[in-house]
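Trainee: give me a 3D structure for the following:
(one chain, ligands or ions: 1)
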Amino acid sequence: MKPVLFLSVLFAALLSFQSPVAAQPSHSPVPGGVAVIALPANTKSAQFLGNPVLITGDSANPLAIVGIAMDQVPGPAQLDLVSGTITFDVLEKSYLTERLTIPDNNKVTPPARDYDRIGRDRQEMMAVFESFTLDRSIDATTLAFITPVQGRISSPFGKRRILNDQPRSPHSGLDIAAPEGTPIKAAAGGIVRATGDYFFNGNTVLIDHGQGLITMYCHLSKIEAALNATVEQGEVIGLVGQTGRVTGPHLHFSVNLNQARVDPALFIAQP
Ligand SMILES: [Zn+2]
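Mentor: As a prediction, the model looks like this:
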């Protein structure tokens, strides 16, 4: 190998090594994943299943970052633009199944007296998930999350769960086990849209990063973020706990994109 060529290869390798921060999540068009789709120049908006999707990149090379829900049927799917449609393929992905025993059976099959509260919690969270705000610009740092807590992944995204022998919907987030009281950091900058003590999720914070990208942090022992506050990436928003439906202290971290819950690991660029 000629020295110049060798150096340029080495330089390229060093560059890629020193820049582990992805500009956006990698294309992973599976249920629970994201599709990264190049759009015609100057495309300002696009919809998937009737929901507006996140668009990033410069106006000459815009990219749609499309969340794909777990219940999406593999096969052709369609992104709707003002000027037409773009078809892409959703591929199959199989997720593991796990069985869990929750000592408090009321948290598995809640008693009727808790239905009102559960309904209210759900409405409050859904209102945030359904929002699509344009008041924050989405840049590479918005889409390159940091991990909110250092710790062991105690349950990956997408696992099918059987709680006390009853099948439940697939795991909608990533569980990171950490001692109670461990600080939790905002994965990216955004605006705190909801804080509350929810039946299943315990003490919870929802952060809106813009354009339908919302992260949720659950089971906190303490919330340290004020409603409507602007937070920077890495800012502490609460402490790890075991409030709500849990088997031990951990953070349940979920990522909502165009109303689909997608695998948070796809967004975490740095450990
Ligand atoms: Zn979880």
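Trainee: which stretches of the stretch 1-150 of the chain have low pLDDT?
Mentor: 1-23, 107 (pLDDT under 70).
Trainee: might you name the residue of it sitting closest to the ion?
Mentor: As assessed by Cβ to the ion, the ion sits closest to Leu100 within the stretch 1-150 of the chain, at 10.4 Å. All C-beta atoms are positioned from the backbone trio N, CA, C, and that covers glycine.
Trainee: same thing with the chain?
Mentor: The nearest approach of the chain to the ion comes at His252, 3.4 Å away (Cβ to the ion).
Trainee: backbone phi and psi for that residue, please?
Mentor: Backbone torsions of His252, given as degrees, to the nearest 10, read phi -100, psi 120.
Trainee: name the nearest residue to it, ignoring sequence neighbours.
Mentor: Distances taken as Cβ to Cβ, 6 or more residues apart in numbering place Cys218 nearest to His252, at 4.0 Å, with adjacent residues excluded.
Trainee: try Glu130
Mentor: Glu130 sits nearest to Gln259 (Cβ to Cβ, 6+ apart), 6.1 Å away.
Trainee: where does the one you found land on pLDDT?
Mentor: Gln259 is assigned a predicted lDDT (pLDDT) of 96.
Trainee: so Arg122, which of the three states?
Mentor: Arg122 falls in the helix class when you classify it by DSSP: H, G, I helix; E, B strand; the rest coil.
Trainee: wait, isn't the residue of the chain closest to the ion in contact with His219?
Mentor: Yes: His252 sits in contact with His219 when judged by Cβ atoms under 8 Å, with a separation of 5.7 Å.
Trainee: returning to that earlier point: contact partners for the residue nearest to His252?
Mentor: When the contact criterion is Cβ atoms under 8 Å, 6 or more residues apart in numbering, the partners of Cys218 are Gly173, Tyr198, Asn201, Gly202, Asn203, Thr204, Gly244, Leu251, His252, Phe253, Ser254.
Trainee: for PyMOL, write the select line for the buried members of the residues you listed.
Mentor: In PyMOL syntax, the buried subset of the contacts of Cys218 is picked out as below (16 or more other Cβ atoms under 10 Å):
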select buried, resi 173+198+201+202+203+204+244+251+252+253+254
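Trainee: from the contacts of Cys218, which land in strands?
Mentor: Assigned to strands by DSSP state E, the following of the contacts of Cys218 qualify: Tyr198, Gly202, Asn203, Thr204, Leu251, His252, Phe253, Ser254.
Trainee: which one of these is nearest Ile37?
Mentor: Ser254 (22.8 Å; Cβ to Cβ).
Trainee: OK, contacts around the residue of the stretch 1-150 of the chain closest to the ion?
Mentor: Taking Cβ under 8 Å, 6+ apart, we find Leu100 in contact with Arg161, Ile162, Leu163, Asn164, Thr247.
Trainee: just to be sure, the second one is in a strand?
Mentor: It refers to Ile162. Yes: secondary structure of Ile162 (three-state DSSP): part of a strand.
Trainee: tell me, how many neighbours does the closest residue to Gln211 other than its chain neighbours end up with?
Mentor: Residue nearest to Gln211 in three dimensions, not counting chain neighbours: Leu54, with 4.1 Å by Cβ to Cβ, 6+ apart. Other residues near Leu54 come to 23 when the count uses other Cβ atoms under 10 Å.
Trainee: equivalent analysis for Thr97, please.
Mentor: 11.
Trainee: my guess is it contacts Leu163. True?
Mentor: No: here Thr97 does not reach Leu163: they are 11.8 Å apart, not a contact under Cβ under 8 Å.
Trainee: got the residues of the protein near the ion?
Mentor: Gly173, Asp175, His252 (Cβ under 5 Å from the ion).
Trainee: so who does the last one touch?
Mentor: In this structure, His252 makes contact with Gly173, Leu174, Asp175, Asn201, Met216, Tyr217, Cys218, His219, judged by Cβ under 8 Å, 6+ apart.
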